[in-house]
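Participant: Provide a 3D model corresponding to the input given below.
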Amino acid sequence: MSSLELSAEVEGQRRADLGDGTYVNPVFAGDHPDPAILRDGEDYYVTFSSFESTPGLIIWRSRDLLNWQPLGSALPTPIGNVFAVDMCKVEDRYFIYVPIISTAVSPDPAAPPQIYVIHADSMSGPWSEPVNLGINGHIDPGHVVGEDGNRYLFLSGVSRVRLSVDGLSTVGPVEHVYDGWRYPDEWVTEAYALEGPKIAKRGEWFYLTTAVGGTAGPPTGHMVTVARSRSVHGPWEDCPANPIIRTWDSKEPWWSKGHATLFEGPGGQWWSIYHGYENSFATLGRQTLLEPIEWDEDGWPRAAGGHLSEPLPAPIPAASRRGEMSHGLQLSDNFAEDRFGIQWSFHAPAKDEYLRASLDDGLILEARGTNPSDSSPLTCIVGDRGYEVSVEAELTDGAQGGLLLYYSDRLYCGMGHDGTRLQSYRAGRDIPYWREPAPAAAKIHFRIVNDGNIVTQYYSTDGIDWTRHGLRFEVSGYNTNTVDELLSLRPALFATGSGHVKFRNFRYRTLQR
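Facilitator: Got it, this is the predicted structure:
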């Protein structure tokens, strides 16, 4: 720790700021994919794809690009599977363009991918109800005001559509405008998948960054490519050094690096913000990375962070950042106040899922479904390679409640108790051959330790004397390349069957940095 003291670290969670004028990636540890960033004066705002987690689109604010504080949710009610958004400010109004893959809670569950917009007078909200722009079959919007003064959305593909002056409707058809840069066929990637178009203006040039190579799969797949034009109408010239960012070797610390935005930071320094998987820890999901950008003599961007394995100079010198030294969010919760939408989110919820939860000397969670797969558990994002979580559960009227490490409805592990017996879960199902000799109890304490993907479980009737569960798990395979879902392994509370479960004193503790 340097003479410039960092604020008290939140539960020992990983943070980028080293306090000595340098930082080390990730900037957002844990599952924070598809970062969308907006600069507004000295303030920077960022949000991420929230998929089916609800509340969704948590907005974060920073002034130094390293230490971020949450403002709240821009999408408190589910409207579908939320993919990569874009944020902008036009005049005095803020906009978030939101692509949706339809689910059962969508206005039209059978609709193709659609793009909505929400808007507000402040990034803190309140945000408007979502407005359907009528753009079908595209995701990954990227907003820009052209040299002609008109507003446009660039879309996956890469296509483009003009927006109305107020940004709440389209003007004219969706048109294909760019074929993308093609990498050599012998490169090992998941798929070509031209997506994530973002536009940055520097000098007389518009710079179009795109992602190709696929989001997961082989670690060398995802990459960042650049093209430029003096007009949003093209023609687009590909960067001769493409791709400017890529994982070239599986020995590198970060895999599948892509979906980048170029932006100007403090003091005129340019940066790229994007996501990647951590080598050996794909369970943590796509984490947010920040890399400095330099410009060559021909006006092309060059990534200047190397493999991101070493500390890099901070965007703002340490001596200038005394008021910007807190980062992150405490995960431990005594359920004394309603904090859903920041720390907790329901996985794959129904439209009125939040009605299941209430607070009364703890978190009361009404039971749903027959097992964790259809219970829409409450989850929280973690970014540490080793951690311990624990909670007390009081079981009522036949409900089973418990603590999980939850990737999706098809992949999770953990424990549940129904007052009579303890049920064990692994690989997304109950373990029929294992009967853990836990006692019958109306109150049960659970503890799960995940130390470098090795999971050890404990249970107790009083929270003092603990019994180690007879099985240990190795969970490095609980990731997107196993079940083809772009999620992460998260601590989760669930209640299933009938009745309800009252949870108290959820605790999170980091084991290693």
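
Participant: Now do the contacts for residue 80.
Facilitator: Residue 80 makes contacts with 52, 100, 101, 102, 103, 105, 106, 114, as judged by C-beta atoms under 8 Å, 6 or more residues apart in numbering. Every residue, glycine included, has its C-beta placed from N, CA and C.

Participant: Around residue 354, how many other residues sit close by?
Facilitator: Each residue near residue 354 was counted by other C-beta atoms under 10 Å, and the total is 18.

Participant: Quick check: phi and psi at it.
Facilitator: When read as degrees, to the nearest 10, the backbone of residue 354 gives phi -60, psi -20.

Participant: Verify the stated contact: it with residue 344.
Facilitator: No. Contact status for residue 354 versus residue 344: not in contact, 10.3 Å apart, counting by C-beta atoms under 8 Å.

Participant: What are the boundaries of the helices in the chain?
Facilitator: Along the chain, counting by DSSP state H, helices occupy 480-483.

Participant: residue ranges with poor pLDDT in it?
Facilitator: Counting by pLDDT under 70, the chain shows low-confidence ranges at 1-9, 318-325, 338-341, 512-513.

Participant: at 50 what do you get?
Facilitator: Per-residue confidence of the chain (counting by pLDDT under 50) places the weak regions at 1-8, 513.

Participant: pull the longest strand from it.
Facilitator: Ranked by number of residues, the top strand in the chain under DSSP state E is strand 500-512.

Participant: Show me what that one is packed against.
Facilitator: If contacts are counted by 3 or more C-beta pairs under 8 Å, 6 or more residues apart in numbering; DSSP states H and E, strand 500-512 sits against strand 363-366, strand 386-396, strand 400-408, strand 443-451, strand 490-496.

Participant: Just the CA atoms of the shortest one, as CSV, please.
Facilitator: Included here for strand 363-366 are C-alpha records, laid out as CSV according to Å, rounded to 0.1, in the frame of the first residue of the first chain:
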residue,chain,number,x,y,z
LEU,A,363,-35.1,-12.3,3.5
ILE,A,364,-38.4,-14.2,3.0
LEU,A,365,-38.3,-16.0,-0.3
GLU,A,366,-41.5,-17.7,-1.4
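
Participant: What is the burial count for residue 81?
Facilitator: Other residues near residue 81 number 21, with proximity taken as other C-beta under 10 Å.

Participant: partners of it in the sheet?
Facilitator: residue 101 (DSSP bridges).

Participant: That one against residue 105, yeah?
Facilitator: No. Here residue 81 does not reach residue 105: they are 9.4 Å apart, not a contact under C-beta under 8 Å.

Participant: just to revisit the earlier point, if you rank the contacts of residue 80 by neighbours, which is first?
Facilitator: Neighbours here are counted as other C-beta under 10 Å. On that basis the top member of the contacts of residue 80 is residue 114, with 24 neighbours.

Participant: how about it, what does it touch?
Facilitator: Residue 114 touches 80, 99, 100, 102, 132, 133, 134, 135, 136, counting by C-beta under 8 Å, 6+ apart.

Participant: Going by distance to residue 451, which of these wins?
Facilitator: When those are compared for distance to residue 451, the smallest value, 36.2 Å, is given by residue 80; criterion: C-beta to C-beta.

Participant: Would you quantify the distance from that closest one to residue 294?
Facilitator: Using C-beta to C-beta, to the nearest Å, we find residue 80 at a distance of 39 Å from residue 294.

Participant: hey, where'd the strands end up in the stretch 251-400 of the chain?
Facilitator: For the stretch 251-400 of the chain, applying DSSP state E, counting those that start in this stretch gives strands covering 254-264, 270-278, 287-295, 301-303, 312-313, 345-346, 357-359, 363-366, 378-379, 386-396, 400-408.

Participant: CA atoms of stretch 376-394 as PDB?
Facilitator: In PDB, the C-alpha atoms belonging to stretch 376-394 read as follows (Å, rounded to 0.1, in the frame of the first residue of the first chain):
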ATOM      1  CA  SER A 376     -35.400 -18.700 -10.300                       C
ATOM      2  CA  PRO A 377     -32.800 -18.400  -7.600                       C
ATOM      3  CA  LEU A 378     -31.400 -15.100  -6.300                       C
ATOM      4  CA  THR A 379     -27.700 -14.800  -7.400                       C
ATOM      5  CA  CYS A 380     -24.800 -12.400  -7.000                       C
ATOM      6  CA  ILE A 381     -21.800 -11.900  -9.200                       C
ATOM      7  CA  VAL A 382     -18.400 -12.700  -7.700                       C
ATOM      8  CA  GLY A 383     -14.900 -12.000  -9.200                       C
ATOM      9  CA  ASP A 384     -12.500 -13.700  -6.900                       C
ATOM     10  CA  ARG A 385     -10.600 -16.900  -7.600                       C
ATOM     11  CA  GLY A 386     -11.200 -18.100  -4.100                       C
ATOM     12  CA  TYR A 387     -14.000 -17.300  -1.700                       C
ATOM     13  CA  GLU A 388     -16.400 -18.500   1.000                       C
ATOM     14  CA  VAL A 389     -20.100 -17.900   1.300                       C
ATOM     15  CA  SER A 390     -22.500 -18.900   4.100                       C
ATOM     16  CA  VAL A 391     -26.100 -18.300   5.100                       C
ATOM     17  CA  GLU A 392     -28.700 -19.400   7.600                       C
ATOM     18  CA  ALA A 393     -32.000 -20.800   6.300                       C
ATOM     19  CA  GLU A 394     -35.200 -21.200   8.300                       C
END
